[in-house]
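Visitor: this one's sequence-less:
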């Protein structure tokens, strides 16, 4: 019913920047919260940042001041601008969206993940 497609991952040197994008499509009436999570090898998936439909944001302490989350409600797209990247930011980054469907259901969706690798 809903697909989340991420893009923008890759390999970057420490101190560099990347911008992730995630576009949602399908039977979407509206999207409440959109967010980015990440999972490093051998670790649990963790919240990186999330943003409400009216623009309120919160961030993991480890990324505050370096990452910025934003969204374009008209395009059902969320972005994550990552700067001053560190090797410990290396992980698979997943997009998440809490979606109100045209069927009146409310559901939680995940993207397929995009790899971010930061070399030292």
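Guide: Received the coordinates, thanks. Because the structure is a prediction, the values reported are computed rather than measured. Numbering: from 1, shown residues only.
Visitor: the strands in the chain, which residues?
Guide: Secondary structure of the chain (DSSP state E): strands at 2-7, 10-13, 18-26, 28-39, 46-51, 57-59, 67-72, 77-82, 91-101, 106-110, 114-119.
Visitor: Point out where the protein drops to low pLDDT.
Guide: When residues are selected by pLDDT under 70, none of them lie in the chain.
Visitor: what about the residue lying farthest from the centre of it, distance to residue 1?
Guide: Ranked by distance from the centre of the chain (C-alpha atoms, centre = their mean), the top residue is residue 103, with 25.2 Å. Separation of residue 103 from residue 1 (C-beta to C-beta, to the nearest Å) stands at 8 Å. The way it works is simple: take the backbone N, C-alpha and C, and place the C-beta from them, glycine included.
Visitor: which residues do those two both contact?
Guide: Residues touching both residue 103 and residue 1 by C-beta atoms under 8 Å, 6 or more residues apart in numbering: residue 27.
Visitor: Go through the strands of the chain and pick out the most buried.
Guide: Among these, ranked by average contacts under mean count of other C-beta atoms under 10 Å, first place goes to strand 77-82 (a mean of 22).
Visitor: tell me what that strand is packed against?
Guide: Secondary-structure packing of strand 77-82 (3 or more C-beta pairs under 8 Å, 6 or more residues apart in numbering; DSSP states H and E): strand 18-26, strand 28-39, strand 46-51, strand 67-72, strand 91-101.
Visitor: Could you dump the ones you listed into a markdown table and include distance to residue 111?
Guide: Converted to a markdown table, those look like this (distance: least, C-beta to C-beta, whole Å):
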| stretch | distance to residue 111 |
| --- | --- |
| strand 18-26 | 6 |
| strand 28-39 | 9 |
| strand 46-51 | 13 |
| strand 67-72 | 14 |
| strand 91-101 | 4 |
